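Student: okay, sequence plus prediction incoming.
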Amino acid sequence: MKKLLSLLQAQKDISGYRVAKTRTVSHELFFVHKKLETVRATDTVKYLATVYVDHDGFRGDSSFAYHDSLTEDECLAKINAAKKRALLVNNQMYDLPAGGEYERKIGSNIDSYEPEKLGAMIADAVYAADTVEGGSINALEIFIYNDTLTVVNSRGVNKTQSINRVMIEAIPTFTDEKQSVELYEDYRFTEFDPEKITAEISEKMREVKDRLTAAKPKVPLNINVVLRPKEISSIIKELANDLNYTSIYRHTNLYKTGDDLQPGPDADKLTVTMKGRIKGSENSAYFDDDGLDLTDTVIIKDGVVCGNFGSSTFGQYLGVDKPTGKLPCAKVKPGTLDSIDGDYLECVSMSGIQLDLYNDYIGGEIRLAYYHCGNKITAVTGITMSGKLSQVLAKLRLSSKTDIFKAYEGPAYVVLKDMTVL
Amino acid sequence: MPFSAFLDGKRTVCKELVAELKKTFSYVSILGVDTGETVYFADKALSSVSESESDRGFVIKMYNGRSFFEYSLDDINGDIAELASKIVSEVKIDPSLESRMISAGAIADIPMKKDFLRENDFGSYEDDYLLDFCKKTSKKTVEADEKVLNGFAVIMTYTVSKLFITENRELSQCYGWANGAVMAVYSDGKMAQARRVAASDKLADIIAKMSDDQKGLIDLARHLANAKQIKPGVYDVITDSSITGLIAHEAFGHGVEMDQFVKDRALAKNCVGEYVASPISSMHDGAAATLSVASYFFDDDGVLAQDTEIIKDGILMRGLSDLTSATELGTTPTGNGRRDSHKRKAYARMTNTFFLPGNDKLEDMIASVKHGYMLFETNNGMEDPKNWQIQCTAEYGIEIVDGKLTDNYVSPVVMSGYVPDLLKSISMVSDSFEVIGAGFCGKGYKEWVRVSDGGPNLKVRVKLG
């Protein structure tokens, strides 16, 4: 990085530069059934450098990949090529983020463990849930990461943040003499808690056992559908993407400030805050890849669009006084629901929730759900739900209990009213 | 486009490192990677030409007759004996896991020394020409109709150099691929985005495809802005090549990735030799099966590219394997070992996956539908190889009534069901054939690699919602 920075600083005919460096060190274990198949370790660095050239009243920029293995001549050739390219780019002027030197760590207890030891402890915690007769964990992948991001620019930014994080991919499976079924579990954390891991996998083992007996219910159904954080986070992410500065500047956004997403009295109103950090989330950050400090921002309040968020450049293009930065996390205010009345489908596993804002669509294939009908609960599969997003939002109910999933913190479940299930 | 000078200069140290690590492991390979992508982009207000993040480094794969070990690093230099010692130390495991390793057979290290090169025309085009083309295409799109809010044009050139070294093997390959896209953001009371994609190993093809049929793109945008939601139900469906490819990919491509066989995660493992699809359907995968985005010469395990017949006349013939899964299963690897980057593990992955053409004419297929839909353009899909459920989302569909395409567009269209039901419902296969080399595929929710898929038009009966 020193070589790259000194070459960039020596360029007289550029207006600025930025370098983002990410170092990732990992320890990875891959199990097949309960046997260790592959052990991996990585220690890699990636750089993305950008040069800015002001010309003819415009700002041009161009980025290039840098590697420590480049010779000085190769690096200079890349800088010169980027300068020429920047001269072809006639974009509206904007400023780079200015000032700020610090080094911070995202809170985690993971760095207190040796990676090899931690890997073994995580494997033990997962397989501690593999105690159900007929059940098994057919595959387990454990990734223990340490990521360090450093951003330096020509206006005095020099910031470093690091995070220790773990990702587990586990495949709980249940088999009888007739068939075998599985569920996919993707579990991420920054705080190691073996009991929580075992409890999480145990819950999936219980659910996969139910998938074995799940049957297709009598369809079509018009019914309330309950979603969990994985699917809720996808919905919130889709709404948030629409409210990003980039979407607005590029005219691809559907919603604008003041739009009421939940008209009428029937819904728990959404309040969504985009955040830099959520405790326990691997997406947490102090600054973005431009080196801009992140400012938490409310984008939807009581169901009404009230804000936007995004990068320094697109924020300036929109005339925003203080851009928020590329906020990675979303926090949703909990609702009022403590229990669910009436019949409903509780989705356990979907192929992936499908949202299309332009076409007012929400739906997707349900791999496993619990059908709560009167006092009876049955496992169901082989069904697809669909509905109009606007109608769903207008009657959306949010739980008072909260949970965290990846970059989402908010209601542990939501109720979508009157979905068509086929 | 020459082979990477960086990798070329590492042949000797790679061999030295292999020799050093062979003192500890029975099999050692090194994959060197040097890839790059340049993106040219323009919309109504902005433009850019930049390299996106490239991948340059090495991954060393080691096998001790029991488990596999891998170490990824950016460069191989300095004291090789010291580096080998560090690598051995970095892949050590906790003693409690030592008794839990797998056990598999020996890996054949078949001697071969070969350099592969596929020429392209990327060097014939200057940056200013390509960026100017994108700017003009964007402008033309915006000016085509007052209801167009923005027009995007993008061209991406992707270049690959890879070096593979073992004790007996020294392979290198160098090739490129290009993608392009034009998109119109349109508002007619309701918003819509219409896009046209192009993929080829020649920029000349990309430029030609992005240049033509501006009227068609805007016409599609207009229809999409007026598209309705489909009434959920089971319909007769005609697929375009992209949806055919999506079915091939999600329905049976993932299901025959043989690392899933090792984990007992694929139902297909028990169905080799059985009918899994209509007898008029045949499906292939392979880097050597056609020329598209996943057409490499050897895979990331150093296995030469192949053309694998997955389904022949409705019968499941064989699966796709990487070196690790083939070693565990005692089979021959099929050249499907692929990595997201040098930082990631190799898995059994699809390459170019497609159904073979049949004998029917598209017009006859449409004419045979009393009421149904023709589906166009892949949006996304999700596999479920263990339980054979499938979800494929098309950007849009056009209603067919009494054997004729109407002007009624529906969007989006989510197709779902049970894989054997879907594949056995194939009743007509067109004589046309197109493979679209513009896709990315994840395994679960990670490990992204470039793939193509496609084939002819199919007539199927399936649930749409």
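Tutor: Happy to help now that I have it.
Student: burial count for residue 25?
Tutor: Chain wasn't specified; assuming chain A. Neighbourhood size, residue A:25 [other Cβ atoms under 10 Å in any protein chain shown]: 17. (Glycine included, C-beta is placed from N, CA and C.)
Student: that's the wrong chain, I wanted chain B
Tutor: 19.
Student: what residues does it make contact with?
Tutor: B:62-64, B:69 (Cβ atoms under 8 Å, 6 or more residues apart in numbering or on different chains).
Student: how does it look with 6 Å?
Tutor: B:62, B:64 (Cβ atoms under 6 Å, 6 or more residues apart in numbering or on different chains).
Student: over to the one 3 residues further on?
Tutor: Residue B:28 is in contact with B:18, B:21-22, B:62, counting by Cβ under 6 Å, 6+ apart.
Student: looking at this, it is in a strand?
Tutor: Yes - checked against DSSP: H, G, I helix; E, B strand; the rest coil, residue B:28 lies within a strand.
Student: thinking again about what came up before, derive a PyMOL selection command for the buried subset of the contacts of residue B:28.
Tutor: If you want just the buried ones from those in PyMOL, going by 16 or more other Cβ atoms under 10 Å in any protein chain shown, the selection is:
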select buried, chain B and resi 18+21+62
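Student: next one: phi and psi at the spatially closest residue to residue A:390 that is not a sequence neighbour?
Tutor: Once flanking residues are discounted, residue A:390 sits nearest to residue A:360: 5.3 Å by Cβ to Cβ, 6 or more residues apart in numbering or on different chains. In terms of degrees, to the nearest 10, the main-chain angles of residue A:360 are phi 60, psi 50.
Student: and residue B:442, by the same measure?
Tutor: According to degrees, to the nearest 10, residue B:442 has phi -100, psi 160.
Student: next, count neighbours for residue B:465.
Tutor: 27.
Student: wait, what's in contact with it?
Tutor: A:363, A:384, A:386, A:422, B:232, B:414.
Student: once you drop chain neighbours, what's closest to it?
Tutor: residue B:232 (4.0 Å).
Student: gap between the residue nearest to residue A:390 and residue A:422?
Tutor: 18 Å (Cβ to Cβ, to the nearest Å).
Student: hmm, back to that, which of the contacts of residue B:28 sits closest to chain A?
Tutor: Nearest to chain A among these: residue B:62, at 9.4 Å, using Cβ to the nearest Cβ.
Student: pLDDT on the helix or strand where the closest one lies, on average?
Tutor: Under the criterion of DSSP states H and E, residue B:62 resides in strand B:55-63. Over the span of strand B:55-63, the pLDDT mean works out to 97.
Student: also stretch B:126-140?
Tutor: 97.
Student: got a list of contacts for that stretch?
Tutor: Against stretch B:126-140 from outside (Cβ under 6 Å, 6+ apart): A:85, A:88, B:40, B:42-43, B:47, B:49, B:151, B:153, B:155, B:182, B:210, B:214.
Student: just the buried ones out of the residues you listed, please.
Tutor: A:85, A:88, B:40, B:42-43, B:47, B:49, B:151, B:153, B:155, B:182, B:210, B:214.
Student: which residues touch stretch B:210-218?
Tutor: So stretch B:210-218 is contacted by B:137, B:140, B:144-145, B:180, B:182, B:184, B:194, B:196, B:198 (Cβ under 6 Å, 6+ apart).
Student: put the buried members of those residues into a PyMOL selection.
Tutor: Per 16+ other Cβ under 10 Å, the buried members of those correspond to this PyMOL selection:
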select buried, chain B and resi 137+144+145+180+182+184+194+196+198
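Student: quick one: the nearest residue to residue B:28 once chain neighbours are set aside from residue B:342, how far?
Tutor: Spatial nearest neighbour of residue B:28, excluding adjacent residues (Cβ to Cβ, 6+ apart): residue B:21 at 4.4 Å. Note on residue B:21: its distance to residue B:342, by Cβ to Cβ, is 17 Å.
Student: then residue B:80?
Tutor: 19 Å.
Student: which of these two has more neighbours?
Tutor: Per other Cβ under 10 Å, whichever of residue B:80 and residue B:342 has more neighbours is residue B:342, with 24 against 19.
Student: lowest-confidence entry in the contacts of stretch B:126-140?
Tutor: Where pLDDT dips furthest among the contacts of stretch B:126-140: residue B:214, at 84.
Student: what distance separates the start and the end of stretch B:52-68?
Tutor: 32 Å (Cα to Cα, to the nearest Å).
Student: no wait, stretch A:382-402
Tutor: 29 Å.
Student: check which helices and strands the longest strand belonging to chain A sits against.
Tutor: Longest strand in chain A by number of residues (criterion: DSSP state E): strand A:35-55. If contacts are counted by 3 or more Cβ pairs under 6 Å, 6 or more residues apart in numbering or on different chains; DSSP states H and E, strand A:35-55 sits against strand A:16-32, strand A:58-66, helix A:72-86, strand B:68-73.
Student: in helices, which of the buried ones among the contacts of stretch B:126-140 appear?
Tutor: Members of those lying in helices (criterion: DSSP state H): A:85, B:210, B:214.
Student: out of these, which comes closest to residue B:425?
Tutor: Distances from residue B:425 to these, taken as Cβ to Cβ, are shortest for residue B:210 (35.9 Å).
Student: contact partners for the residue nearest to the closest one when sequence neighbours are not counted?
Tutor: Of all residues not flanking residue B:210 in the chain, residue B:180 sits nearest, at 4.8 Å (Cβ to Cβ, 6+ apart). Residue B:180 sits next to B:155, B:198, B:206, B:210 when contact means Cβ under 6 Å, 6+ apart.
Student: can you pick the most crowded of the contacts of residue B:465?
Tutor: residue A:363 (29 neighbours).
Student: what distance do you get for it to residue B:264?
Tutor: Residue A:363 is 31 Å from residue B:264, by Cβ to Cβ.
Student: ok, residue A:274 next?
Tutor: Applying Cβ to Cβ to residue A:274 and residue B:264 gives a distance of 42 Å.
Student: what is the burial count for residue B:401?
Tutor: 12.
Student: repeat for residue A:202
Tutor: Residue A:202 has 18 nearby residues by other Cβ under 10 Å.
Student: what helices or strands is the strand or helix carrying it leaning on?
Tutor: Following DSSP H and E, one finds residue A:202 within helix A:194-213. On a contact count with 3+ Cβ pairs under 6 Å, 6+ apart, helix A:194-213 meets helix A:115-127, strand A:158-175.
Student: wait, which of those is closest to residue A:23?
Tutor: Comparing the helices and strands packed on helix A:194-213 by Cβ to Cβ, strand A:158-175 comes nearest, at 8.7 Å.
Student: how far off centre is the helix or strand following the closest one?
Tutor: Downstream of strand A:158-175, the next assigned helix or strand under DSSP H and E is strand A:180-182. Mean C-alpha position of strand A:180-182 versus that of the full chain (Cα atoms, centre = their mean, to the nearest Å) differs by 27 Å.
Student: each with direction, which strands does strand A:180-182 pair with?
Tutor: Strand A:180-182 has its sheet partners listed here by DSSP bridges as strand A:158-175 (antiparallel).
Student: now the partner strand: mean pLDDT?
Tutor: 96.
Student: leaving out the residues flanking it, which one is nearest to residue B:268?
Tutor: Using Cβ to Cβ, 6+ apart, the closest residue to residue B:268 is residue B:255 (4.5 Å).
Student: any idea how the chain splits into domains?
Tutor: If you meant another chain, say so; for now it's chain A. Domain segmentation of chain A under automatic domain parsing yields A:2-211, A:214-422.
Student: wait, chain B was what I had in mind.
Tutor: Using automatic domain parsing, chain B is parsed into the domains B:5-37+B:51-117, B:122-157+B:176-225, B:233-464.
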